[in-house]
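Prediction below, plus the sequence it came from.
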Amino acid sequence: MGRLLTGPAWMGLTEFVDYVSTCFTIPINVLLLYCIRTKSGKSFGKYKNLMTFFSIQSIFFSIQATLNHMCFHTIGGTFMMFTLTNHFNLPPWGVWINLGICCISVGYVLLILSAQFIYRYFAMNKPEKLIYFSGWRRIFFLLAMILVAVVYGGCGFVGINLTPEKDISIRETMGKAYNVTPEEIHYVAVEYFVRDENDERVLNYLSIGTAIMLNTIFGCMVIVIIYCGWNTYTRTHQCTAQLSNHMKIQHSHTDDSHFHTMHHFLYSPNI
């Protein structure tokens with residue numbers, strides 16, 4: 001069975017999706033920023049800063065991802081994030097830095113989102129722990145940002161054991177797949193294994209280790225989002241149910257009061 005899409009067709013489709021997504025993302029987040037900074041009350045506290053940071057980071061990542069048009073490709077045991085675009089005619093190391101920034105931005109979007117969910121969870125369940133979002137305790141968030149930057153930014157640059165021969169082979173293979181010259185290929189990669197002269201797999205433990213670290217951090221952030229999100233939802237549902245019951249009781253008392261008032265009004269002339 002042939003491929004559903006050729007390499008150039010796939011690149012064209014993903015580039016179109018990038019542009020459309022960015023056209024929606026920027027106006028929505030600009031509107032959100034306006035509402036956060038001008039319409040939200042003081043009761044939002046530090047949560048306003050988290051939402052502002054998230055919106056700015058989302059805009060930055062959308063622009064960065066669209067300009068670099070990063071895609072993914074696998075050759076044997078090597079998984080690559082690559083780009084064919086170089087709008088600013090940067091040297092190879094400049095394009096690699098851009099790819100690294102894209103990787104870090106992905107991690108930061110998830111990190112800030114998980115921080116928002118933690119804030120909501122504390123606000124609903126453990127308000128005394130909101131102190132971790134103010135004062136010197138904010139250093140924990142800074143440390144988390146540094147960890148994400150190091151792991152997400154460095155994962156594709158360490159452990160691949162890249163040689164000139166391997167680099168040329170990768171570029172030529174990808175050039176044929178996407179109908180471009182090898183010089184147009186820029187990539188960072190994680191290498192799980194290589195084949196030796198006997199065609200046996202040789203594991204690359206350093207690269208595997210960095211990939212495990214990245215996926216562990218990613219998994220932890222996703223778990224935090226799910227756990228805090230679910231607990232916040234259930235707590236909100238309970239509070240809403242209690243408020244609803246309270247409103248029903250108040251409504252019942254109001255009805256009784258209205259009934260007695262009307263009763264006295266109707267029958268008082270006969271008393």
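Perfect, I can see it now. This structure is a prediction, so every number in the text was calculated from the model and none was measured. Residues are numbered from 1 along each chain as shown.

For residue 69, which non-adjacent residue is spatially closest?
Here the nearest residue to residue 69 in space, its sequence neighbours aside, is residue 85; by C-beta to C-beta, 6 or more residues apart in numbering that works out to 4.8 Å. Where C-beta positions appear, they are placed from N, C-alpha and C, glycine not excepted.

quick one: the strands in the stretch 1-150 of the chain?
For the stretch 1-150 of the chain, the strands identified by DSSP state E, counting those that start in this stretch occupy 71-75, 78-83, in order along the chain.

For the ones you listed, state which one has the densest average packing.
Sort those by mean neighbour count, taking mean count of other C-beta atoms under 10 Å, and strand 78-83 sits at the top with a mean of 21.

Given it, what are its sheet partners and their directions?
Strands adjacent to strand 78-83 in the sheet, as given by DSSP bridges, are strand 71-75 (antiparallel), strand 186-191 (antiparallel).

can you put those strands in JSON lines and add distance to residue 230 and mean pLDDT?
What follows is the strands paired with strand 78-83, written out as JSON lines (distance: least, C-beta to C-beta, whole Å; pLDDT from 0 to 100):
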{"stretch": "strand 71-75", "distance to residue 230": "30", "mean pLDDT": "86"}
{"stretch": "strand 186-191", "distance to residue 230": "32", "mean pLDDT": "87"}
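
how many other residues sit next to the residue nearest to residue 69?
By other C-beta atoms under 10 Å, the residues close to residue 85 number 16.

For it, grab phi and psi.
Torsion angles at residue 85 (phi, psi; degrees, to the nearest 10) stand at phi -100, psi 150.

Run through the residues that contact it.
With contacts defined as C-beta atoms under 8 Å, 6 or more residues apart in numbering, the neighbours of residue 85 are 67-69.

just residue 239 next, same as before
Listed by C-beta under 8 Å, 6+ apart, the contact set of residue 239 reads residue 124.

re earlier: for the strands of the stretch 1-150 of the chain, give me TSV that also has distance to residue 18.
What follows is the strands of the stretch 1-150 of the chain, written out as TSV (distance: least, C-beta to C-beta, whole Å):
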stretch	distance to residue 18
strand 71-75	10
strand 78-83	11
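
Output the below-cut-off pLDDT ranges for the protein.
Applying pLDDT under 70 to the predicted model, the residue ranges of the chain that meet it are 1-4, 159, 241-271.

That one: helices as residue ranges?
With DSSP state H, the ranges of helices along the chain come out as 7-38, 47-68, 92-125, 139-154, 164-178, 205-267.

Measure how the fourth one sits relative to helix 47-68, angle-wise.
Compare the direction of helix 139-154 with that of helix 47-68 by axes from the mean of the first three to the mean of the last three C-alpha atoms, to 10 degrees and you get 10 degrees.

residues making contact with helix 139-154?
Helix 139-154 is contacted by residues 100-101, 103-104, 106-108, 111, 115, 132-133, 210, 213-214, 217 when judged by C-beta under 8 Å, 6+ apart.

Please state the offset of stretch 26-46 from the chain centre?
Relative to the centre of its chain, stretch 26-46 is centred 19 Å away, using C-alpha atoms, centre = their mean, to the nearest Å.

how near is residue 69 to residue 185?
Relative to residue 185, residue 69 is positioned 13 Å away (criterion: C-beta to C-beta, to the nearest Å).

Please enumerate the shared neighbours of the two.
Taking C-beta under 8 Å, 6+ apart as the criterion, residue 69 and residue 185 both touch residue 84.
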